[in-house]
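A.B. asks: sharing a model prediction with you, sequence too.
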There are 2 protein chains.
Amino acid sequence: MIGHSAKIPLPSLKRLPGYVHFLRSLKCEGVATVSTTAIGRALRLDPTQVRKDLACTGAEGRPRVGYRVDDLIVVLEEFLGWRNVSEAFLVGAGHLGSALLGYEGLRNHGLDVIAAFDSHPAKVGQDVHGVKVLDIERLPGLARRMGVHIGVLTVPVDAAQEVAERMVEGGILSIWNFAPVSLQLPEKIFVQNGELYAQLAVLLRRTEEAVSRKTPSTPEVA
Amino acid sequence: MIGHSAKIPLPSLKRLPGYVHFLRSLKCEGVATVSTTAIGRALRLDPTQVRKDLACTGAEGRPRVGYRVDDLIVVLEEFLGWRNVSEAFLVGAGHLGSALLGYEGLRNHGLDVIAAFDSHPAKVGQDVHGVKVLDIERLPGLARRMGVHIGVLTVPVDAAQEVAERMVEGGILSIWNFAPVSLQLPEKIFVQNGELYAQLAVLLRRTEEAVSRKTPSTPEVA
DNA sequence: TAGATTGTTAATCGATTAACAATC
DNA sequence: TAGATTGTTAATCGATTAACAATC
């Protein structure tokens, strides 16, 4: 079930988790109500934009007062599906995969990784942060039987396409893909890329810009 | 130095790494030239958009032929700063931090993490995937002395703001922040958030939408 | 040549930002 | 009440997509 299942713009949806994190910190401090001005100041966003985003979730505020922090957290968590976690399978128990398995945060954010898979015999049978590592061969069958719809893909790039196809075979509907490759899958399958390299590209470029501002480049010689 | 230092739209910049990954795979297959139509098909992007993106980097193609794969890779890697890696410090040698330290991929993508830091005495002195873990106290001094401008932040959320401030103290200009908190830092400091939770939010919602398409919800009862 | 492809200008689309009436 | 704040409509901005001449 989707809370307030209306269409929400993608940029708005991506900002919602940030609101929840900030609201939780307010709650810890005992703050009862908050205005979009205050949220915007903390997250460096336009207050109007914050209001628009919140409106998408069905949250309601009161003029002159703002939004009740407690209520707003509940509405947003409901909207984001953080109150009834979804089960997921993870494939690739390497560095990144293990890190995600050990990341308690995911469960508080709506995702429960209930099993991991790997093709490497040395990994199969192990227990990584409390999650069993099974043979990849068993994924399609188990996914179908257990009704798991989400797959987390943390395998090397060469194996990504093949593993993704096994996931689809098992009835997986959405894939969180951390391999730097564009998966070729049926249209109906949703793929969310990890975008580590996209973020890194932005980081490097902005850094270069900042460095060259500090040490102005030598003017070109004619 | 920034290759073709003109302004590039943020969405375009983020797509560039994907182009390089695809082009490298073409090169492996021995393909010599490629059209924006082919790139678009592989990455599910509009060909015109691909041309616009490539134009930003200064790449040039030939009508009827396309772009030379080899040349295009060089131009893009140059533009992205992948040919002269930038040095970085990482703080927080936990699960995620260790995973990033062990991630060979980063060095091929322009980032060289040359030292890690942690506040936990048990971690300090250790060697994680070939990178020494030092006491966080030494970060500002070392960053300044070595001229490191990039910080990777993989500490628990409660420590993030404080550690970020230490980074700024050491002359760090850009921070790749994986903690779910909006850092409050001087305007000139660039912060790239890891956006794990934003991505997860999109993933969960799209999954719910797909599931409810498969099993249409019971119509509301009057 | 004919036709695929680039490079670029124009049109469209959607998100952000501004403006402002309604409200408590 | 006066004034801060919401909720919403209008204006702006920027990215995507369409159209098309130039090119090999």
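C.D. replies: Looks like it came in fine. Numbering: from 1, shown residues only, chains lettered A, B, ... in the order given.

A.B. asks: can I see the domain layout of chain A?
C.D. replies: Here the domain parsing of chain A from automatic domain parsing is A:10-80, A:86-198.

A.B. asks: pick the most deeply packed of those.
C.D. replies: domain A:86-198 (a mean of 19; mean count of other Cβ atoms under 10 Å in any protein chain shown). All C-beta spots, glycine's among them, are computed from the backbone N, C-alpha and C.

A.B. asks: quick one: low-confidence ranges for chain A?
C.D. replies: Counting by pLDDT under 70, chain A contains low-confidence ranges at A:1-6, A:217-222.

A.B. asks: give me the sheet partners of the longest strand belonging to it and which way each runs.
C.D. replies: In chain A, with assignment by DSSP state E, the single longest strand is strand A:111-118. Its sheet considered, strand A:111-118 pairs with strand A:86-91 (parallel), strand A:131-135 (parallel) by DSSP bridges.

A.B. asks: now do the shortest one: distance to the chain's middle.
C.D. replies: Strand A:131-135 has its C-alpha centroid displaced from the chain centroid by 22 Å (Cα atoms, centre = their mean, to the nearest Å).

A.B. asks: name the residues that touch that strand?
C.D. replies: A:90, A:93, A:101, A:113-119, A:123-127, A:142 (Cβ atoms under 8 Å, 6 or more residues apart in numbering or on different chains).

A.B. asks: ok, then the element right after that strand?
C.D. replies: In the C-terminal direction, the helix or strand that comes right after strand A:131-135 (DSSP states H and E) is helix A:139-146.

A.B. asks: pull the CA coordinates from that following helix and hand them back as PDB.
C.D. replies: The C-alpha trace of helix A:139-146 is given here as PDB (Å, rounded to 0.1, in the frame of the first residue of the first chain):
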ATOM      1  CA  LEU A 139      17.900 -17.300  -6.000                       C
ATOM      2  CA  PRO A 140      15.200 -17.600  -8.700                       C
ATOM      3  CA  GLY A 141      13.400 -20.300  -6.800                       C
ATOM      4  CA  LEU A 142      13.600 -18.700  -3.400                       C
ATOM      5  CA  ALA A 143      12.600 -15.300  -4.700                       C
ATOM      6  CA  ARG A 144       9.500 -16.700  -6.300                       C
ATOM      7  CA  ARG A 145       8.600 -18.800  -3.400                       C
ATOM      8  CA  MET A 146       9.100 -16.100  -0.800                       C
END
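
A.B. asks: other SSEs contacting that helix?
C.D. replies: Judged by 3 or more Cβ pairs under 8 Å, 6 or more residues apart in numbering or on different chains; DSSP states H and E, the packing partners of helix A:139-146 are strand A:86-91, strand A:111-118, helix A:157-169.

A.B. asks: what's the closest of these to DNA strand D?
C.D. replies: Checking those against DNA strand D by Cβ to the nearest atom of the strand gives helix A:157-169 as the closest, at 23.4 Å.

A.B. asks: next, give phi and psi for A:Glu104.
C.D. replies: phi -60, psi -30 (degrees, to the nearest 10).
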